[in-house]
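Colleague: pasting a predicted model and its sequence here:
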Amino acid sequence: MTGSEVPHSFRLAYVPGVTPSKWVRIWNERLPDVPLTLVAVSPGEAFGVLREGGADAGFVRLPVDRTDLSAIPLYTETTVVVIPKDHLMAATEEVSTEDLADEIVLHPLDDTLVWEQLPGRPAIERPATTADAIELVAAGIGVLVVPQSLARLHHRKDLTYRPVPDAPESRVALSWPQEETTDLVEEFIGIVRGRTVNSTRGRPPTPPQPKAKRKRPETGSGSGAQRKTASGKATGKNPRGGSGGAKAGKGGKSGKPRRRP
């Protein structure tokens, strides 16, 4: 498929915790003739779905293998610990990884956090999914450290969560196969980046318009025009500094040459 071909629909994959509704709404407003189909995938299968053509693009969690996939990081999530509402840590505003030293910290197989060293004490077995781990927390078997969006996704009335500032963070990105950067993929990239409907990729900037020349103020009718004083009377002087008439000599005589005797 080339970039100029328009498929029947645009398929968008997304992992748990990501809410694509805002971008889907904008897509439907701008491209009403191209339906957008959502494809829910687990974190473990998201990249396989993109590589095998099961989706045109997808919201995934970093890291992404840049060998054959492109990715644009979008945002970083707050990491929280999910605990029972009657837990002692529920009385605090936030929790550190050191505070979890005596707790059984569940580590599901679909964990989205990259740990250098897991906090707390390990459970006897790893839960298969985050949803299973939530059930164990509700049963009082341990606590769970996850991105805040997953804590909200699996919300229960008997559980709460608190931020863990020194825990690893999860970053969400938009990813797609490098060899399949189609026009519709470019359209969706523009949407998630906040590009307006009137903006165009690669459009040259509008050249500046020439400024209108200002008219020079008109001068007098001639170089010998008389100037007026503050009282409105003519000065009688021409612009060259003359008095307006022939200058008289000493003693009131005119400037005529005298005869020789």
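Modeller: All right, it came through fine.

Colleague: and stretch 104-117, how far from the chain's centre?
Modeller: 30 Å (CA atoms, centre = their mean, to the nearest Å).

Colleague: can you give me the end-to-end distance of that stretch?
Modeller: With CA to CA, to the nearest Å as the measure, stretch 104-117 spans 14 Å from end to end.

Colleague: element containing the closest residue in space to Gly17 that isn't next to it in sequence, please.
Modeller: With sequence-adjacent residues excluded and distances taken as CB to CB, 6 or more residues apart in numbering, Gly17 is closest to Ser149, at 3.5 Å. C-beta: built from backbone N, CA, C; applies to glycine. In this structure, Ser149 is located in helix 148-153 according to DSSP states H and E.

Colleague: tell me the buried residues in that helix?
Modeller: Across helix 148-153, burial judged by 16 or more other CB atoms under 10 Å covers Gln148, Ser149, Leu150, Ala151, Leu153.

Colleague: average model confidence for it?
Modeller: For helix 148-153, mean pLDDT is 97.

Colleague: quick one: mean pLDDT for the helix or strand just after it?
Modeller: Downstream of helix 148-153, the first helix or strand assigned by DSSP H and E is strand 159-163. Taken as a whole, strand 159-163 has an average pLDDT of 98.

Colleague: doesn't Pro20 make contact with the residue nearest to Gly17?
Modeller: No - Ser149 lies out of contact with Pro20 (CB atoms under 8 Å); the separation is 11.9 Å.

Colleague: tell me which stretches of the chain form helices.
Modeller: Ranges of helices within the chain are 21-30, 46-51, 130-138, 148-153, 183-192, based on DSSP state H.

Colleague: what's the angle from the last one to helix 21-30?
Modeller: Orientation of helix 183-192 against helix 21-30 (axes from the mean of the first three to the mean of the last three CA atoms, to 10 degrees) gives an angle of 120 degrees.

Colleague: which helices and strands sit right next to helix 183-192?
Modeller: Counting by 3 or more CB pairs under 8 Å, 6 or more residues apart in numbering; DSSP states H and E, the packing neighbours recorded for helix 183-192 are strand 10-14, helix 21-30, strand 69-77, strand 170-177.

Colleague: pLDDT below threshold where in the stretch 1-150 of the chain?
Modeller: Along the stretch 1-150 of the chain, segments meeting pLDDT under 70 span 1-7.

Colleague: swap the cut-off to 50 and go again
Modeller: 1-4 (pLDDT under 50).

Colleague: who's in contact with Ala40?
Modeller: Contact partners of Ala40, counting by CB atoms under 8 Å, 6 or more residues apart in numbering, are Ala13, Tyr14, Pro16.

Colleague: which of those lies closest to Phe59?
Modeller: Ranked by distance to Phe59 (CB to CB), the contacts of Ala40 are led by Tyr14 at 4.3 Å.

Colleague: how close does that closest one get to Lys22?
Modeller: The gap separating Tyr14 from Lys22 is 12 Å, by CB to CB, to the nearest Å.

Colleague: mind checking which of those two has more residues around it?
Modeller: Ranked by neighbour count (other CB atoms under 10 Å), Tyr14 and Lys22 place Tyr14 first, with 22 against 10.

Colleague: ok, the more buried one touching Leu50?
Modeller: No - counting by CB under 8 Å, Tyr14 does not reach Leu50; the two are 11.5 Å apart.

Colleague: which neighbours do these two share?
Modeller: Here Tyr14 and Leu50 have Gly58 as joint contacts, going by CB under 8 Å, 6+ apart.

Colleague: contacting residues for the residue nearest the centre of the chain?
Modeller: The centre of the chain sits closest to Arg193, judged by CA atoms, centre = their mean, with a distance of 5.8 Å. Arg193 sits next to Ile72 when contact means CB under 8 Å, 6+ apart.

Colleague: make CSV out of the buried residues of helix 148-153 and add distance to Val41.
Modeller: Shown next, in CSV, are these (distance: CB to CB, whole Å):
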residue, distance to Val41
Gln148, 20
Ser149, 15
Leu150, 15
Ala151, 20
Leu153, 14
